[in-house]
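Asker: This is the structure alone, sequence omitted:
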C-alpha cells in the first residue's frame, strides 16, 4: 500500500514528461518560416501562382496604359486572341500532366482544318459531316501518337517531333500549299466559320470561339478532377511504375489522353476557321511552342503529376495580357517576345523551387 502513492506520483511525472515532449514536438513541427509556408501553399494550390501573376499584370498595365487597357473592347480582344492557343494549351496540358509532351498539336489542328475545308468547300459534303470527320481525324492522330509511345516505347518528345513533320507534310499535300479563301467558305460552307460570330456583352464583342475555349477548359477540368480517369491520369504522371503496380492500366490511360488531346485539337481546328476567316496551311505555325508556353506559365509541372488544367487558361491569358499591354505601351514586337521568354524561365524556376521544398 505504501508504494501506491509513489507509483502514482511517478506515473503523473511520466505523463507530464510525455505531455511536455508532445508539445515540444508539436511546437517544433509548427516552426516554419514564412517562405516555407508560402512554398507549401503554392505546392497545394498550383494555380495560385498564375492567378497572382495575372492580377499583377493587369494592375501594372492598367497603370501604364490607363483606362484603355481595361476597356471591355480590349479585354474581349485579348480573349479572342488567346482562344485558339488556349485550346491547344488545354490539349497540351493533358499530355504534360502525364509527364509527356506533344510537339504535334498545332499540326494536328491545321491538318484537321484543311480536311474540313476540303470536304465542305471543294467536295460539297455537308459542313456538319466534314466537321465530324475532322473530329474523328483528330482523335485518330492522337491515337497514332499514343500507340507509338506506349506500344513501340518511343519517347514522347521524339515521337511527336516525328509526327509533327508527318502531319505538316500531309496538310501541305492536301492543301497544295494553298489557302482556302474566306469568300469560298462563305459561299459553300459558312457553318465552318460559326465560332467567328460575335455576341454583344456591354461594350465587348465576345466571339463564340472565346466561349468555346472556356467550355473546353471546364469540361476537361471536370474530367480530371471528378472522374476516376482523371485521378489515373495524375497517377501516371506522378509515378508510372507505381501506377502500374497499383493496377492502373497505364498504357490505356496514356493512349486515351493522346486521343482526347487530338480531339481537342480538332475542336480548335473548327474554331480557328472562324477566328482567321480562312484556312491557311501556314497558320499557327508556332502554336506548339505557344501552347507549351501557356502550360508552363500556368504552373503545370513539366515533370508531370502536378498542376491544374485551369492554370493553362490563366497562362494563355497572361501571355495575351502581356502582348496587349506591351503593344499599348509602344513596345516593339521583338521586346514582347523577349518578355515572354523571361516569363517562361521564371515560371520553370518557380516550379523547381516548389518541387524542391515539397520533396
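Answerer: Structure received. These numbers come from a predicted model, not from an experiment. Numbers count the residues shown, from 1 in each chain.
Asker: Now residue 70: phi and psi?
Answerer: Main-chain dihedrals, residue 70, degrees, to the nearest 10: phi -90, psi 10.
Asker: just checking, it touches residue 62?
Answerer: Yes: taking Cβ atoms under 8 Å as the definition, residue 70 is a contact partner of residue 62 at 5.5 Å. Glycine gets a C-beta too; all of them are placed from N, C-alpha and C.
Asker: Could you name every residue contacting both of those two?
Answerer: Common neighbours of residue 70 and residue 62, counting by Cβ atoms under 8 Å, 6 or more residues apart in numbering, are absent.
Asker: what element comes up after the helix or strand of the chain with the lowest mean pLDDT heading to the C-terminus?
Answerer: In the chain, no helix or strand scores lower on mean pLDDT, DSSP states H and E than helix 3-30, which sits at a mean of 52. Sequence order places helix 34-44 as the next helix or strand after helix 3-30, per DSSP states H and E.
Asker: which helices and strands does that following helix pack with?
Answerer: Applying 3 or more Cβ pairs under 8 Å, 6 or more residues apart in numbering; DSSP states H and E, one finds that helix 34-44 contacts helix 48-65, helix 333-358.
Asker: That one vs helix 48-65, what angle?
Answerer: 100 degrees (axes from the mean of the first three to the mean of the last three Cα atoms, to 10 degrees).
Asker: how far does helix 34-44 sit from the chain's center?
Answerer: 23 Å (Cα atoms, centre = their mean, to the nearest Å).
Asker: Would you single out the least confident of the helices and strands packed on helix 34-44?
Answerer: Among the helices and strands packed on helix 34-44, helix 333-358 has the lowest mean pLDDT, at a mean of 79.
Asker: can you list the helices and strands packed on helix 34-44 in JSON lines and add distance to residue 184?
Answerer: As requested, these are exported to JSON lines (distance: least, Cβ to Cβ, whole Å):
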{"stretch": "helix 48-65", "distance to residue 184": "39"}
{"stretch": "helix 333-358", "distance to residue 184": "31"}
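Asker: Helix, strand, or coil at residue 284?
Answerer: When classified by DSSP: H, G, I helix; E, B strand; the rest coil, residue 284 comes out as coil.
Asker: Would you check that it makes contact with residue 107?
Answerer: No: using Cβ under 8 Å as the test, residue 284 is too far from residue 107 to be in contact (9.1 Å).
Asker: Among these two, which residue is more densely surrounded?
Answerer: Set side by side, residue 284 and residue 107 give different neighbour counts by other Cβ atoms under 10 Å, the larger being at residue 107 (26 against 23).
Asker: Thought residue 167 was touching the more buried one, still the case?
Answerer: Yes: assessed by Cβ under 8 Å, residue 107 is found in contact with residue 167 at 3.8 Å.
Asker: Tell me where this structure has strands.
Answerer: 198-201, 204-207 (DSSP state E).
Asker: which residues touch the last one?
Answerer: So the one you mean is strand 204-207. Contacts for strand 204-207 (Cβ under 8 Å, 6+ apart): 72-73, 75-76, 79-80, 83, 195-200, 274-275.
Asker: So which of those residues wins on neighbours?
Answerer: residue 83 (26 neighbours).
Asker: Excluding chain neighbours, give the residue nearest to residue 100 in space.
Answerer: residue 156 (3.7 Å; Cβ to Cβ, 6 or more residues apart in numbering).
Asker: That neighbour: neighbouring residues, count only.
Answerer: Residue 156 has 21 nearby residues by other Cβ under 10 Å.
Asker: repeat for the one 4 residues further on
Answerer: The number of residues packed around residue 160, counting by other Cβ under 10 Å, is 26.
Asker: dump the residue contacts of it.
Answerer: 101, 102, 103, 104, 145.
Asker: can you redo these as JSON lines with neighbour count?
Answerer: Output for these, formatted as JSON lines (neighbours: other Cβ atoms under 10 Å):
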{"residue": "101", "neighbour count": "20"}
{"residue": "102", "neighbour count": "32"}
{"residue": "103", "neighbour count": "23"}
{"residue": "104", "neighbour count": "27"}
{"residue": "145", "neighbour count": "32"}
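Asker: hang on, the earlier thing: save the strands of the chain as JSON lines, and put in mean pLDDT too.
Answerer: Shown next, in JSON lines, are those (pLDDT from 0 to 100):
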{"stretch": "strand 198-201", "mean pLDDT": "86"}
{"stretch": "strand 204-207", "mean pLDDT": "87"}
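Asker: Now distance to residue 216 too, for those strands, in a markdown table please.
Answerer: What follows is the strands of the chain, written out as a markdown table (distance: least, Cβ to Cβ, whole Å):
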| stretch | distance to residue 216 |
| --- | --- |
| strand 198-201 | 18 |
| strand 204-207 | 14 |
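Asker: Quick check: nearest residue in space to residue 121, chain neighbours excluded?
Answerer: Per Cβ to Cβ, 6+ apart, closest to residue 121 is residue 188, 4.7 Å.
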